[in-house]
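Colleague: pasting the sequence and the predicted model now:
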Amino acid sequence: MSNQTTLQRRPRLRVRWVIFTYLFGFAFILYLQRTSFSVAAVQMMPELGISQIQLGWLLTAYLVTYTVFQLPGGVFGEWLGARWALVITGVIGLAAAVATPLAPMLLAGTALLAVLLVARLVLGMAHAPLFAISVGAIESWFPVGKWAFPNGLQTSGLQLGSAAATPLIAILMQSYGWKHALLWTSFPALALIVLWGWYGRNTPAEHPAVSAGERAELHANTARHAGTGISRQDLLRVLGNRDVLLLAISYTIMNYVFYLLSTWCFLYLIQERHLSVLQSGWLATLPFIAAAIGAGVGGKLSDELAVRYGLRIGYRAVPIVALPLAGLLLFAGVEFTNPYWAVGALSLAFASIELTEGAYSAATTSVGREHTMAAWGVVGTGGNLGGIIGTPIVAWLSAHHAWTAAFLTGTGFAIVSGILWFWVDSSREIAGAPGKGS
């Protein structure tokens, strides 16, 4: 009897955290693939005779399909389930990534440019479903009120993948050239896809390694997922849901600030703060580190508040405070005369923005439940539109040396995105009775 009691009390790794580790790996690989192309372009352009304008079209092609296929990707994930949806999109993404270094071995000139353009379009399409599928998988595998932390940590994964790409590709390029750099960094993706296809499952009820205790913790989640798929009526309910649309609008506005900080900090430090390229390169990594930390911390805090105060108040609290705070830190960043204080303020602003990632995902999950993938497809579309809208605005302002005005637009957008959360009720499910979980 004592031996049996000991076995029952022995801590056991919950399978959901192994599932999460795979999802984290997919996010890391996605942003490694996404960012590697931009880094490799330094050698690629002169070698292949690609102009900077043509490079811009290749980068834009990815962003367009990545945005357009957010919702279709979420619907695809609901129909097929997370296990095989990630295998299929992962294989397609890997093929598109490998096509870039292989194509110049066979083609040149206009034909090569056309193949590179198609590869970028396909890569964006393959990457688009990842976060909708991941948010839906987290809904199935984690208890109610425990969704924000794993979603926040996965956001840290994409930040780390992006950060790792620059030095890794640069080192490999210097020694072996850009083609080998892109090829060799693709191999981990293949291993991840194969292992996920073997180990991953759509729900805890399908996984043989899930213990009785963990199955009991997730019983409410499993009961909601009798099968995969989404009907036309359910999709229309998702598209017309007030809280999903509010989250999408707020996320669009918030991502204007995200893209402002993630895209323009390096150039701002050189052009406006007159720092050297080397100084700017090191200092521009600080906001990304702060963002990665903020995403995890914000997710954990949001879950604790949701458990204590209910889903409606708990998931609303962090964005209402953090987003206006990010706006004020942006204002402080451009007002500081000392460039190092400015970098500190901008880093804290980015951390404050990313504090909310877990709350956005968890609130969407709470509203969407078994249709979380489709719901996040709507919200994710809005998030990428924020980048598409913001990039030309900031580009125009910075080109006219109006960096202060550019960052002050971010201040305004951050405050507005936070205010919109007052009307978001994440306890009101699309498919359930109002007030569930509150």
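Modeller: Perfect, I can see it now. These figures come from a predicted structure and were not determined experimentally.
Colleague: restricting to C-alpha, output stretch 400-410 in PDB.
Modeller: Extracted in PDB, the C-alpha atoms of stretch 400-410 (Å, rounded to 0.1, in the frame of the first residue of the first chain):
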ATOM      1  CA  HIS A 400      10.700  63.300 -43.600                       C
ATOM      2  CA  HIS A 401      12.800  63.200 -40.400                       C
ATOM      3  CA  ALA A 402       9.600  63.200 -38.300                       C
ATOM      4  CA  TRP A 403      10.700  60.400 -36.000                       C
ATOM      5  CA  THR A 404       9.100  62.100 -32.900                       C
ATOM      6  CA  ALA A 405       5.700  62.200 -34.800                       C
ATOM      7  CA  ALA A 406       6.100  58.600 -35.800                       C
ATOM      8  CA  PHE A 407       6.500  57.400 -32.200                       C
ATOM      9  CA  LEU A 408       3.700  59.700 -31.000                       C
ATOM     10  CA  THR A 409       1.300  58.000 -33.400                       C
ATOM     11  CA  GLY A 410       2.300  54.900 -31.500                       C
END
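Colleague: model confidence over that stretch, on average?
Modeller: Model confidence over stretch 400-410, given as mean pLDDT, is 86.
Colleague: do stretch 183-196 as well
Modeller: pLDDT averaged over stretch 183-196 gives 93.
Colleague: next one: that stretch to chain centre, how far?
Modeller: Computed by C-alpha atoms, centre = their mean, to the nearest Å, the chain-centroid distance of stretch 183-196 equals 19 Å.
Colleague: just stretch 163-175 next, same as before
Modeller: Going by C-alpha atoms, centre = their mean, where stretch 163-175 is centred and where its chain is centred differ by 22 Å.
Colleague: ok, now stretch 363-370?
Modeller: Relative to the centre of its chain, stretch 363-370 is centred 17 Å away, using C-alpha atoms, centre = their mean.
Colleague: contacts for that stretch next, please.
Modeller: Contacts to stretch 363-370, defined as C-beta atoms under 8 Å, 6 or more residues apart in numbering, come from residues 135-136, 138-139, 144, 147, 151, 224-225, 238, 241, 243-244, 247, 311, 315-316, 372, 374-376, 379, 424, 426-432, 437. Bear in mind the C-beta positions are built from the backbone N, C-alpha and C, glycine included.
Colleague: helices - which of those residues land there?
Modeller: 135-136, 138-139, 151, 238, 243-244, 247, 311, 315-316, 372, 374-376, 379 (DSSP state H).
Colleague: burial measure for the closest residue to Ala132 other than its chain neighbours, as a count.
Modeller: Nearest non-adjacent residue to Ala132, counting by C-beta to C-beta, 6 or more residues apart in numbering: Gly74, 3.5 Å away. Close neighbours of Gly74, defined as other C-beta atoms under 10 Å, add up to 33.
Colleague: tell me the pLDDT of Gly74.
Modeller: Gly74 is given a pLDDT of 95.
Colleague: ok, Tyr31 next?
Modeller: 86.
Colleague: center of this structure, which residue is that?
Modeller: Nearest to the centroid of the C-alpha atoms of the chain, with distances taken as C-alpha atoms, centre = their mean, sits Thr155, at 5.2 Å.
Colleague: test my guess that it contacts Leu355.
Modeller: No - counting by C-beta atoms under 8 Å, Thr155 sits too far from Leu355 to count as a contact (10.2 Å).
Colleague: what helix or strand does the residue nearest to Ala132 sit in?
Modeller: helix 70-80 (DSSP states H and E).
Colleague: before we move on, the earlier item: the residue nearest to Ala132 contacts Thr381, doesn't it?
Modeller: No - counting by C-beta under 8 Å, Gly74 stays clear of Thr381, with 9.2 Å between them.
Colleague: which helices and strands sit right next to the helix holding Gly74?
Modeller: Applying 3 or more C-beta pairs under 8 Å, 6 or more residues apart in numbering; DSSP states H and E, one finds that helix 70-80 makes contact with helix 82-102, helix 130-141, helix 372-399.
Colleague: what about 7 Å?
Modeller: The contact analysis (3 or more C-beta pairs under 7 Å, 6 or more residues apart in numbering; DSSP states H and E) places helix 70-80 against helix 130-141, helix 372-399.
Colleague: could you dump the ones you listed to JSON lines with distance to Ala170?
Modeller: Shown next, in JSON lines, are those (distance: least, C-beta to C-beta, whole Å):
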{"stretch": "helix 130-141", "distance to Ala170": "25"}
{"stretch": "helix 372-399", "distance to Ala170": "24"}
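Colleague: just those: most buried one?
Modeller: helix 130-141 (a mean of 28; mean count of other C-beta atoms under 10 Å).
Colleague: now that helix, how far from the chain's geometric center?
Modeller: Centre-to-centre, helix 130-141 and its host chain are 12 Å apart (C-alpha atoms, centre = their mean).
Colleague: then stretch 399-415?
Modeller: Using C-alpha atoms, centre = their mean, the offset of stretch 399-415 from its chain centre is 23 Å.
Colleague: equivalent analysis for stretch 20-37, please.
Modeller: On the basis of C-alpha atoms, centre = their mean, stretch 20-37 sits 10 Å off its chain's mean C-alpha point.
Colleague: could you do stretch 233-246 as well?
Modeller: Taking C-alpha atoms, centre = their mean, the mean C-alpha location of stretch 233-246 is offset from the chain mean by 21 Å.
Colleague: then stretch 111-128?
Modeller: Distance, stretch centre to chain centre, for stretch 111-128: 20 Å (C-alpha atoms, centre = their mean).
Colleague: go on, stretch 288-298?
Modeller: 13 Å.
Colleague: what's that stretch in contact with?
Modeller: 152-153, 155-156, 159-160, 162-163, 318, 322, 347-348, 350-352, 354-359 (C-beta atoms under 7 Å, 6 or more residues apart in numbering).
Colleague: this protein: strands as residue ranges?
Modeller: Using DSSP state E, the chain contains no strands.
Colleague: okay, domains of it per the record?
Modeller: As assigned by automatic domain parsing, the chain contains the domains 13-222, 232-423.
Colleague: now stretch 149-156: buried residues?
Modeller: 149-156 (16 or more other C-beta atoms under 10 Å).
Colleague: now these in CSV, with pLDDT and distance to Gly327?
Modeller: As requested, the buried residues of stretch 149-156 are exported to CSV (pLDDT from 0 to 100; distance: C-beta to C-beta, whole Å):
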residue, pLDDT, distance to Gly327
Phe149, 95, 25
Pro150, 95, 27
Asn151, 94, 23
Gly152, 93, 20
Leu153, 92, 25
Gln154, 91, 25
Thr155, 88, 20
Ser156, 87, 22
